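Chemist: The sequence isn't on hand, but the structure is:
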């Protein structure tokens, strides 16, 4: 049984060692790289979506959305979660520093992905008529579904290559793949739709997948992996490696299906109890609520997952990484969440229209849930890093059952806003459940520095949220703006204290020094001036 750790050492701004500062620097560097690529991806996606909407019109754009949904669902089912489990297996192999072990894992990952891609494509072709009838209520789209199987195959093979790059922590390459794949795919997709209209929709999706696999292949070929192990691997070794990959991958797939199922069940509940308009309001609030925090978590997770896997057997190091990641997550996410609470009416009107004003109250409750999601998210990775498949699935099932039960009860009691309250309640349960499990699993305890940061963040969020119910609107908005500014200053000062002067880019260092957020002697600018 792993040795339990009573408390993870706290890391204060005064006594952080260079090694620990370097760890924080790695977290922020990887977050900046992936976060920057996500911003560019979003911008490219907006351009592609806008072009498709203008060129195709409402009906054609609906067709584009349905084809995209069919492709995404097929990838989820056929992929068996291998892209996520592949990151874990590659990172674990890299931690051994054994070239042969790494090569064997890479070889099996690639072969399994190709086989799953072929299987998924074959099943799509075989059941193309049924898929067409189920999706479009007619079989005239069965031919298009057959062609769409090509995109599924290319995407699954590409996923194994990006898993390899992420598992080896080549975060800069991962960011380039995401941006270049999206850019080249968009440049090819728009002309196809422009010249062929609705007939160009499926070719455009295939083109995007082709560009993704081309860019991921280009960067994966730069990695030095021994290719001579293929002939030396026995069938028993291949089965063992593939079994480990698929077993953990199955857990990821089940998790994805549970998440999709919960979202579907909640929307169906709202639809049946309130109506179509309410379903649209909830969808808009749910999308906006997860936009900023989801962006932060995805940016941090690209490097955190493989780093944590490499230290999964060392509870002390594992817990330290979780504490550091949680603290950085809180510092990055809290100002945005407070701003979202404050400016919720403006955000809803900007992204949608004033007709969506009833979504504001739901959005604020969802913002509370996303704050807890930031706290629980790093702890959940401990279960995955330690490959506790059964426990991982059990946690997901428990969260799913509680989410649906809360939604059913809260919608009946509070109406549409009850869906937001249920979201918040589900993450209270999720956070407490994960803390109890991870404490038992690795002896995890929140560091003192983390407790202090968490108290500041959660207190400000709670004060701003409650302000909209107890004081006039003008004063509550002013309170929210003040809290956003205060927490932004606190976050910047705290984050820069984790870094050495060399880790802060010169223009940012100069700006922070000018406005007084970084001391001149710390920034290393005394000599320069």
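Modeler: Nice, thanks for sending it over. Please read all numbers here as calculations on a predicted model, not as lab measurements. Numbers count the residues shown, from 1 in each chain.
Chemist: distance of residue 345 from residue 353?
Modeler: Plainly put, residue 345 is 12 Å away from residue 353 if you go by C-beta to C-beta, to the nearest Å. Where you see a C-beta, it was placed from the backbone N, CA and C, and this is true even at glycine.
Chemist: who's more crowded, the two?
Modeler: Using other C-beta atoms under 10 Å, the more surrounded residue of residue 345 and residue 353 is residue 345, with 16 against 10.
Chemist: Skipping its backbone neighbours, what lies nearest that one in space?
Modeler: residue 360 (5.2 Å; C-beta to C-beta, 6 or more residues apart in numbering).
Chemist: Do I have it right that residue 429 meets residue 400?
Modeler: No - counting by C-beta atoms under 8 Å, residue 429 stays clear of residue 400, with 10.9 Å between them.
Chemist: sorry, back to before: the helix or strand that the residue nearest to residue 345 is a member of: what's the following helix or strand?
Modeler: Taking DSSP states H and E as the definition, one finds residue 360 inside helix 359-385. Read in the C-terminal direction, the helix or strand following helix 359-385 is helix 389-414, with elements assigned using DSSP H and E.
Chemist: Any buried residues in that next one, and which?
Modeler: Of the residues in helix 389-414, those buried by neighbour count under the rule 16 or more other C-beta atoms under 10 Å are 389, 392-393, 395-396, 399-400, 402-404, 406-408, 410-411.
Chemist: again, but for stretch 247-261
Modeler: Those would be 248, 249, 250, 251, 252, 253, 254, 255, 256, 257, 258, for stretch 247-261 by 16+ other C-beta under 10 Å.
Chemist: Please, where are all the helices along the stretch 1-150 of the chain?
Modeler: Counting by DSSP state H, counting those that start in this stretch, the stretch 1-150 of the chain forms helices over residues 18-79, 82-95, 99-126, 128-136, 142-167, given from the N-terminal end onward.
Chemist: model confidence over the longest one, on average?
Modeler: Looking at helix 18-79 alone, the average pLDDT works out to 70.
Chemist: The fourth one now?
Modeler: The average pLDDT for helix 128-136 rounds to 84.
Chemist: where along the stretch 151-300 of the chain do the helices fall?
Modeler: In the stretch 151-300 of the chain, the segments counted as helices under DSSP H, counting those that start in this stretch are 171-196, 201-220, 235-273, 276-310.
Chemist: Go through whichever strand or helix holds residue 482 and flag the buried ones.
Modeler: Using DSSP H and E, residue 482 sits in helix 473-497. For helix 473-497, the buried set under the neighbour-count rule, 16+ other C-beta under 10 Å, comprises 476-477, 479-480, 483-484, 487-488, 490-497.
Chemist: And stretch 306-326, by the same measure?
Modeler: Using 16+ other C-beta under 10 Å, the residues of stretch 306-326 that count as buried are 306-312, 315, 317-326.
Chemist: Need the distance between the two termini of it.
Modeler: 16 Å (C-alpha to C-alpha, to the nearest Å).
Chemist: How far away from the center of its chain is that stretch?
Modeler: Centroid separation for stretch 306-326 versus its chain: 19 Å, with C-alpha atoms, centre = their mean, to the nearest Å.
Chemist: Equivalent analysis for stretch 336-350, please.
Modeler: Centre to centre, stretch against its chain (C-alpha atoms, centre = their mean), the figure for stretch 336-350 is 21 Å.
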